[in-house]
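Novice: Here is a sequence together with a model predicted from it:
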Amino acid sequence: DTEVTQTPKHLVMGMTNKKSLKCEQHMGHRAMYWYKQKAKKPPELMFVYSYEKLSINESVPSRFSPECPNSSLLNLHLHALQPEDSALYLCASSQYGLAETYEQYFGPGTRLTVT
Amino acid sequence: GQQVMQIPQYQHVQEGEDFTTYCNSSTTLSNIQWYKQRPGGHPVFLIQLVKSGEVKKQKRLTFQFGEAKKNSSLHITATQTTDVGTYFCAGPLSSSARQLTFGSGTQLTVLP
């Protein structure tokens, strides 16, 4: 199984709402990622989890709060977002290597609209 | 800041024509990866290059890594409509192997 699943596929939320994005993989990967992608732009790295611990935070605003409950699950909690946060949020996973870069498997993404 | 640029940004070709996208990094890379994203889809890994001057082929796709490990190219021979999408290169610009920076992408349109 080389699939990364994400729910929901689409999400519309107001600026005062709290919502969560979910990501799951069963490939035994110990590195998991959140990316943000605006239209016609490349994916931008937000967070990296290595062995369920947050290892990279790319100076993301605190209104985005990641969580890794176990080795298969990754959540992104959203609170008090701004309209400019509307984007496609992609989850990815890969093998973990201290100095090696491995291919990343991406989920289909959650298309988020903040109104 | 450190970045990865790709040219061209857009490319329209007639089916059967060749296509090339170029990727340039502001810093030497330990490796470079290529991804393809179909319209409405998500990035899908194509290949990884590690060695200086490395050339790899996948059917009609040829990937090259420059001698200085700061640039790379993807060449598609005899494009087909299934090649439509945006092609991204990506590499670890920082000291972390997992911190990939994606290039700006080349959007390929293939006209039948």
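Specialist: Perfect, I can see it now. Numbering: from 1, shown residues only, chains lettered A, B, ... in the order given.
Novice: C-alpha from now on. contacts and neighbour counts both.
Specialist: Noted.
Novice: The residue nearest the centre of chain B in helix, strand or coil?
Specialist: Nearest residue to the geometric centre of chain B (Cα atoms, centre = their mean): B:Cys89, 4.0 Å. Of the three states, B:Cys89 takes strand under DSSP: H, G, I helix; E, B strand; the rest coil.
Novice: pLDDT at the nearest residue to B:Ile32 once chain neighbours are set aside, what is it?
Specialist: Once flanking residues are discounted, B:Ile32 sits nearest to B:Gly91: 4.7 Å by Cα to Cα, 6 or more residues apart in numbering or on different chains. Listed pLDDT for B:Gly91 reads 94.
Novice: again, but for A:Asp1
Specialist: At A:Asp1, pLDDT is 66.
Novice: Residue 12: how many residues sit nearby?
Specialist: No chain in the question, so chain A it is. 13 (other Cα atoms under 10 Å in any protein chain shown).
Novice: Correction: the question concerned chain B.
Specialist: There are 13 residues near B:His12, going by other Cα under 10 Å.
Novice: go on, B:Thr27?
Specialist: Using other Cα under 10 Å, B:Thr27 has 17 neighbouring residues.
Novice: Now it. Nearest residue, chain neighbours left out?
Specialist: Take B:Thr27 and drop its neighbours on the chain: the residue closest to it by Cα to Cα, 6+ apart is B:Lys70, 6.1 Å away.
Novice: what does B:Thr109 give?
Specialist: Nearest residue to B:Thr109, sequence neighbours excluded (Cα to Cα, 6+ apart): B:His12, at 4.7 Å.
Novice: OK, now which residue of chain B is nearest to chain A?
Specialist: B:Ala97 (5.0 Å; Cα to the nearest Cα).
Novice: Double-check that residue against A:Tyr96; I have them as touching.
Specialist: No - B:Ala97 is not in contact with A:Tyr96 according to Cα atoms under 8 Å; the separation is 9.2 Å.
Novice: just to revisit the earlier point, the residue of chain B closest to chain A belongs to a helix?
Specialist: No - secondary structure of B:Ala97 (three-state DSSP): coil, not part of a helix.
Novice: who touches it in this structure?
Specialist: By Cα atoms under 8 Å, 6 or more residues apart in numbering or on different chains, B:Ala97 lies in contact with A:Gly97, A:Leu98, A:Ala99, A:Glu100, A:Thr101.
Novice: can you name the two of the residues you listed that are farthest apart?
Specialist: A:Leu98 and A:Thr101 (8.5 Å; Cα to Cα).
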